[in-house]
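>>> can't give you the sequence, but here's the structure:
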């Protein structure tokens, strides 16, 4: 059974701080990892994807992947109230264009 | 920016009735997916579709469900005889050969 685990939160950070969101997955052979943002009642919106060990930066967002530890994280620098949402970690376990397995999501609240 | 479009945004149906959810994937995408999200729960994979056939389906996708790509642009999900537990948000997603999946805005299905 392929599993993706996230702390459901809520994670509360002050405006301007760094928010750190974490995700673990069950299959060491997994290849593709995705972070989606979901506002309440809305659809998942792609934020970042990462395939290789290390860091990948895009603006205020950094995805970090450690395959040995089966761990992927998302850092949000200079957090804004508009970043308040649920962040979904998703894994394509087979890297063949197949299904995504989602975690429960971490609710982030950025306080002004 | 091209996007996945879904109609209707909200569908209310009596239990036992058939319902068809419609999706127009991004035009150059080759892989198509349906997911659902019951209120307060994880996003769950239903089915993937490539080259005019189902690539993979989950345990949720039983005989009551079917998918079809009736023409070059539409991708539909049919539920033959709806049950109360089919009430959920249904998301269509698509991807090209290499990229990540992009989600539509979803259809909220309410079964009475």
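Everything's here; your move. Just so you know, these numbers come straight off a predicted model, no measurement behind them.

>>> what helix or strand does residue B:81 sit in?
Assigning secondary structure by DSSP states H and E places residue B:81 outside every helix and strand.

>>> and it, what does it touch?
Going by C-beta atoms under 8 Å, 6 or more residues apart in numbering or on different chains, residue B:81 touches B:16, B:17, B:18, B:64. No exception for glycine: its C-beta is placed from N, CA and C like everyone else's.

>>> so how many other residues sit close to the first one?
Residues lying near residue B:16 (other C-beta atoms under 10 Å in any protein chain shown) number 10.

>>> got the residues of chain A near chain B?
Applying C-beta under 8 Å from any C-beta of the partner chain, one finds that chain A approaches chain B through A:32, A:34, A:36, A:42-46, A:49, A:88, A:90, A:97-105.

>>> just the buried residues of those.
Among these, those buried by neighbour count (16 or more other C-beta atoms under 10 Å in any protein chain shown) are A:32, A:34, A:36, A:43-44, A:46, A:49, A:88, A:90, A:97-105.

>>> and stretch A:49-64, what's buried?
In terms of neighbour count (16+ other C-beta under 10 Å), stretch A:49-64 has its buried residues at A:49, A:50, A:61, A:62, A:63, A:64.

>>> which of those residues lies closest to chain B?
residue A:49 (4.7 Å; C-beta to the nearest C-beta).

>>> correct me, but that closest one touches residue B:100?
Yes - Residue A:49 is in contact with residue B:100 according to C-beta atoms under 8 Å; the separation is 4.7 Å.

>>> who are the packing partners of the helix or strand containing residue A:75?
When secondary structure is defined using DSSP H and E, the element that contains residue A:75 is strand A:71-76. Strand A:71-76 makes packing contacts with strand A:19-25, strand A:32-38, strand A:45-50, strand A:61-66, strand A:85-92 when contacts are defined by 3 or more C-beta pairs under 8 Å, 6 or more residues apart in numbering or on different chains; DSSP states H and E.

>>> save those strands as JSON lines, and put in mean pLDDT too.
Listed next are the helices and strands packed on strand A:71-76 as JSON lines, based on pLDDT from 0 to 100:
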{"stretch": "strand A:19-25", "mean pLDDT": "96"}
{"stretch": "strand A:32-38", "mean pLDDT": "96"}
{"stretch": "strand A:45-50", "mean pLDDT": "95"}
{"stretch": "strand A:61-66", "mean pLDDT": "97"}
{"stretch": "strand A:85-92", "mean pLDDT": "96"}
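
>>> could you dump these into TSV with distance to residue A:11 added?
Formatted as TSV, the entries for the helices and strands packed on strand A:71-76 read as follows, by distance: least, C-beta to C-beta, whole Å:
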stretch	distance to residue A:11
strand A:19-25	6
strand A:32-38	13
strand A:45-50	15
strand A:61-66	15
strand A:85-92	9
